[in-house]
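Chemist: Got a predicted model here, sequence first, then my questions.
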Amino acid sequence: MKALLMRDLSFAALLTLLGTVALAIALAQEHFQEVWVFEPSRLQMTFHTAWAAGLVLGVAVALRDRWNGALDYIRHRPLSPAVLQVGRLTTAALVLVAWWVLAPAGAWLAELVGGSLVSAGRLDHWPLVFASMAPAASAAALAMLAARLPLAWWLRAVVAAALLLVGFPLCEQFAAVGDRHDPVVFTGLHLGLAVLLGAVSVAFGHVERDPDRSWTRRVPAWATAFVLAAGVAGGTLLLSWFGTGALRNFAAVLPVIGRVGERHELLAFDARHQGRSQRAHILDAEHRRTGAIAEGEITDVVRLERPRFRGPELEAPQFGPRLWSPLRIDRHGFANCLLLDSDRWTRRFHVFGRGDRVTPFHSGVRLVLVGADGFASGSESAVARHSMVWAVEPEAREVFCFDPSRDEVRAVPMPDGQRIVAVLEQEQGDPPALAGWKVPSWLVRGERGVFAFTRDGLVPAEAKAVEAAELRQAARRERGERARQQTIEFPVADVLTPTVRVLDAAGAVRFEHAYAPRTALERTAYAMGLAPSLLRSPLLQLGAHLLADDVHFEVSVFGDPVVAEGRRSWLVFANCVVSGMFAAITRRRLRRAGADAGTLRFWSVAVALTGLVGALLSEWFEASRAWRVPEASPAPEPRIFTVREAG
């Protein structure tokens, strides 16, 4: 092993240099302030650069011997294929560790040379940066596994794409806590995925592609099952995309609900022709035309919600809200402030909590900066020595003031002990909050008054400013009331045959319609929407049928909304029958090819559980020629004869 590592030392150094430069540039593009000063929220560029660099690293390490022509020489050395693969994985792991250490160091060096925020940087943000770069490990192991598979090049690419588009989103989903991700769980999942993929690649280390030999007999059954599951995931992803298109086409041919005067009607629009207005037809409950109406007479249209595909996305982990203000609340509930110090002409970073440095603020806290001129604002240019930062919590009876010059926090009671109702931000053109002010400010609405921030505390705001704030709040309430005058409900949220109900402001039902295919065009689109459900994996269909809940027009990779929530049991049964037919066809093909009993059992069960995708994979994984026994040829006649002499 040591000799292998020494052999790859110069190659690993080159990969370390290239990856470190790429990741350091990505971190620099994220801005030092957003990564090392404030707690990073989502490092998109670092995440995408990391997994892309990991793929390149895995491919380069796996195919290096093939590219430099040393593969045959390595095969004839006294080293087992498993040891060679472990050596390659070790080289990749050492390069990854170097990336995770040197890339952040490069970002700090760049800020030291060309920036001014090194003194405000915090090294304790490295775990979040490491979590964003952890997918490089799983991507490298994925590429090394794909390079070792004894499959055609295009099938290797399909398996790698399936592992990338399914494995990464699953790691993100399991690490999600609300709208954020746990960095420890996210990192652990990607490192665990890398270990799993590395173990599978070691199992395939001794297998070379040979069309005349079945590779499934030369690797453990669990390794074959893993590759099969990856292929099924990729095929299911394609079926989900196709199924979403079919469902959206069906929703497009259904009529819409339109408001005509004070009543609601089912409407079908003619196609728009050369910019002319559309003509609508009124339909009855059976979708038959009963009249016509001009487009201008329709005041509102309620279109049937089209299915959305909740497909896999390669998104960076979200550790906190994306903000650009110098005043922020981190994920632990503490205030983070980056302010300018006029004495040293540097920006200083401050962290404080609710009256001290160990008690976080309550949820919904707002931060307001009062500058040297006395104006409350969110400007970064305020001078720290002469500024105050106010923290306002909803429903509280006190506010907290942070003095950067003294680095202390004090609690300030609300006037007359009032409870805080809301924090309002003035807009351009509003009357000044206090006499002499010329810029918009922030206001605090109490139970019995509205107050403005000053350096000395809260004072009553000017009447005109209060009136403008009240008018704006009233306008917002009015818009909310108008939005509540008509409510759309889905008592039956079936993706194909929903029931739509229109309610007025009082909750009374003004219109209700149960959608179903009633015309020839609708029945054709309905049948096309059902077709992908027949081809999916029965295992996934049974899971969606029995376990899926509240899908509401969303199509996921593994959950079919057509059969979700216990709907269309007949379709699930038909899917099982179709998959059984595919399993019988696969078993017959392999038996005629001469496969052994174990292979027949494995693929019969696998295809019965995975459907069409499993049948196609069995055709590509188990070529018929790999099981053919060559016919015995007659022994060749001798070409040299020895004449024996009689003695």
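Modeler: Perfect, I can see it now. Because the structure is predicted, anything quoted here is derived from the model rather than measured.
Chemist: Break down the stretch 501-647 of the chain into its strands, ranges please.
Modeler: 509-514, 554-556 (DSSP state E, counting those that start in this stretch).
Chemist: The first one packs against which elements?
Modeler: Translated: strand 509-514. Using 3 or more Cβ pairs under 8 Å, 6 or more residues apart in numbering; DSSP states H and E, the elements in contact with strand 509-514 are strand 263-269, strand 499-504. C-beta: built from backbone N, CA, C; applies to glycine.
Chemist: of these, which approaches Gly320 most closely?
Modeler: strand 499-504 (37.9 Å; Cβ to Cβ).
Chemist: quick revisit: worst mean pLDDT among the strands of the stretch 501-647 of the chain?
Modeler: Sorting those by mean pLDDT places strand 554-556 lowest, at a mean of 60.
Chemist: what's the neighbour count on Ile328?
Modeler: Heads up, residue 328 is Arg, not Ile. Arg328 has 18 neighbours, counted by other Cβ atoms under 10 Å.
Chemist: List the beta-bridge partners for it.
Modeler: The partner list for Arg328 in beta bridges (DSSP bridges) reads Asn336.
Chemist: Might one say that it is in contact with Phe334?
Modeler: No. Using Cβ atoms under 8 Å, Arg328 is not in contact with Phe334; the gap is 9.5 Å.
Chemist: Now do the end-to-end distance for stretch 560-572.
Modeler: Stretch 560-572 has an end-to-end distance of 11 Å (Cα to Cα, to the nearest Å).
Chemist: mean confidence for it?
Modeler: pLDDT averaged over stretch 560-572 gives 86.
Chemist: and that stretch, how far from the chain's centre?
Modeler: In terms of Cα atoms, centre = their mean, to the nearest Å, the centre of stretch 560-572 is found 26 Å from the chain centre.
Chemist: May I see the buried residues of that stretch?
Modeler: 560-565, 567-568, 571-572 (16 or more other Cβ atoms under 10 Å).
Chemist: Quick one: low-confidence residue ranges for the stretch 451-600 of the chain.
Modeler: 479-486, 548-557 (pLDDT under 70).
Chemist: Do you have the helices of the stretch 301-450 of the chain handy? List them.
Modeler: Taking DSSP state H, counting those that start in this stretch to define them, one finds no helices in the stretch 301-450 of the chain.
Chemist: Output the below-cut-off pLDDT ranges for it.
Modeler: 302-312, 321-324, 340-346, 356-357, 372-386, 438-440.
Chemist: again with the stretch 151-300 of the chain
Modeler: For the stretch 151-300 of the chain (pLDDT under 70), the answer is 212, 271-278, 294-300.
Chemist: Recalculate using a threshold of 80.
Modeler: 178-179, 205-214, 217, 258-264, 269-280, 292-300 (pLDDT under 80).
Chemist: Pull the contacting residues for Pro517.
Modeler: The contact partners of Pro517, by Cβ atoms under 8 Å, 6 or more residues apart in numbering, come to 250, 497, 523, 525-526.
Chemist: Quick one: closest of the helices and strands packed on strand 509-514 to Arg448.
Modeler: strand 499-504 (35.9 Å).
Chemist: Would you mark the buried spots in that closest one?
Modeler: 500-503.
Chemist: Then stretch 169-176?
Modeler: For stretch 169-176, by 16+ other Cβ under 10 Å, it's 169-172, 175.
Chemist: Grab the nearest non-local neighbour of Gly58.
Modeler: Ala143 (2.7 Å; Cβ to Cβ, 6 or more residues apart in numbering).
Chemist: In this structure that neighbour contacts Ala160, no?
Modeler: Yes. Counting by Cβ under 8 Å, Ala143 does reach Ala160; the two are 6.8 Å apart.
Chemist: Which residue is the nearest non-sequential neighbour of Ser41?
Modeler: Nearest to Ser41 is Gly320, by Cβ to Cβ, 6+ apart, at 4.2 Å.
Chemist: again with Leu193
Modeler: In space, Leu193 is closest to Ser138, 4.3 Å off (Cβ to Cβ, 6+ apart).
Chemist: these two touch, right, Ala233 and Ala160?
Modeler: No. Shown here, Ala233 and Ala160 do not form a contact pair, counting by Cβ under 8 Å, at 11.7 Å.
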